[in-house]
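Novice: Mind folding the following:
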Amino acid sequence: MYLALPNILTYTRLIATPVVVGLFFLPDPLGSWLAFGVYTYACVTDFLDGYLARAWHMQSALGRFLDPIADKMLVAGVLFALLAADRISGFEVIPAGVILAREILVSGLREFLAELRVGMPVSHLAKWKTGIQMLALGFLLVGHNGPDFWGMPTLQIGVIGLWSAAALTLFTGFDYLYVGLKHIRDTDEAPTQRSGDDSTGTDEAGTDEQA
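Specialist: Next up is the predicted model:
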């Protein structure tokens with residue numbers, strides 16, 4: 001299973017993150033376009049590894065573990081590179097921060113809920129968020145080196161996409177947070193309930209003995 005094609009694709013996506021960041025800081029326009037090319041490959045493998053794993057019945061615990069890590073590494077790496085290069089600046093830092101905060105929050109919730117054997121299904125809205133986010137980061141990587149689309153510069157399209165992805169991130173993040181906090185509350189209350197039940201049992205036993 002370790003050398004199954006879906007897992008190999010995930011490995012290459014993990015490696016792609018530092019490669020994208022490194023290429024991005026080469027002189028423009030070559031650096032931006034090379035970074036965009038590797039980033040596009042990573043986005044394609046993000047779809048392919050899961051699709052092939054399901055189609056070929058090759059899903060594995062390793063794949064489920066590495067896939068979200070590879071996704072979050074890619075998003076965080078690209079965002080930090082864009083911030084360092086001032087491709088994202090001013091108020092545009094806000095949507096970048098929202099997206100990063102959501103990635104950290106969801107990672108923590110997934111880890112906690114996994115211990116409880118509770119899954120967090122991906123909603124259709126979250127899939128739309130991921131798609132818009134991928135496109136936005138791609139446009140931002142190309143930046144001023146790209147052509148205009150419908151009279152809009154490539155960089156401006158990327159900024160609009162980043163704000164749109166951040167808005168969807170708030171909605172989907174709230175859903176995940178609500179589910180996660182509900183299970184956290186139930187988990188915290190469960191020991192108290194068990195303790196109360198044990199105490200009741202002890203008191204009743206003591207009463208029987210006294211009677």
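Novice: in the protein, what spans have low per-residue confidence?
Specialist: Low-confidence segments of the chain (pLDDT under 70): 1-2, 111-123, 190-211.
Novice: Repeat the analysis, applying 50 as the threshold.
Specialist: The chain contains residues with pLDDT under 50 at 194-196, 199-211.
Novice: Now do the helices in it.
Specialist: 5-24, 30-55, 61-84, 93-115, 124-142, 154-210 (DSSP state H).
Novice: With respect to Asp148, which of those helices lies nearest?
Specialist: Comparing the helices of the chain by their distance to Asp148 (CB to CB), the top pick is helix 154-210, with 7.2 Å. Yep, even glycine has a C-beta here, placed from its N, CA and C like the rest.
Novice: before we move on, the earlier item: can you list the helices of the chain in CSV and add mean neighbour count and distance to Asp148?
Specialist: Converted to CSV, those look like this (neighbours: other CB atoms under 10 Å; distance: least, CB to CB, whole Å):
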stretch, mean neighbour count, distance to Asp148
helix 5-24, 19, 22
helix 30-55, 18, 16
helix 61-84, 18, 20
helix 93-115, 16, 22
helix 124-142, 20, 12
helix 154-210, 14, 7
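Novice: Quick one: residues contacting the spatially closest residue to Gly161 that is not a sequence neighbour.
Specialist: Using CB to CB, 6 or more residues apart in numbering and skipping residues adjacent in sequence, the residue nearest Gly161 is Ala136, 2.9 Å away. Counting by CB atoms under 8 Å, 6 or more residues apart in numbering, Ala136 touches 157-162, 164-165.
Novice: so which of those residues comes closest to Asp186?
Specialist: Among the contacts of Ala136, and counting by CB to CB, the member closest to Asp186 is Ala165, at 31.3 Å.
Novice: which non-adjacent residue is nearest the closest one?
Specialist: Gln133 (3.9 Å).
Novice: Look up how far Met152 lies from the one you found.
Specialist: 18 Å (CB to CB, to the nearest Å).
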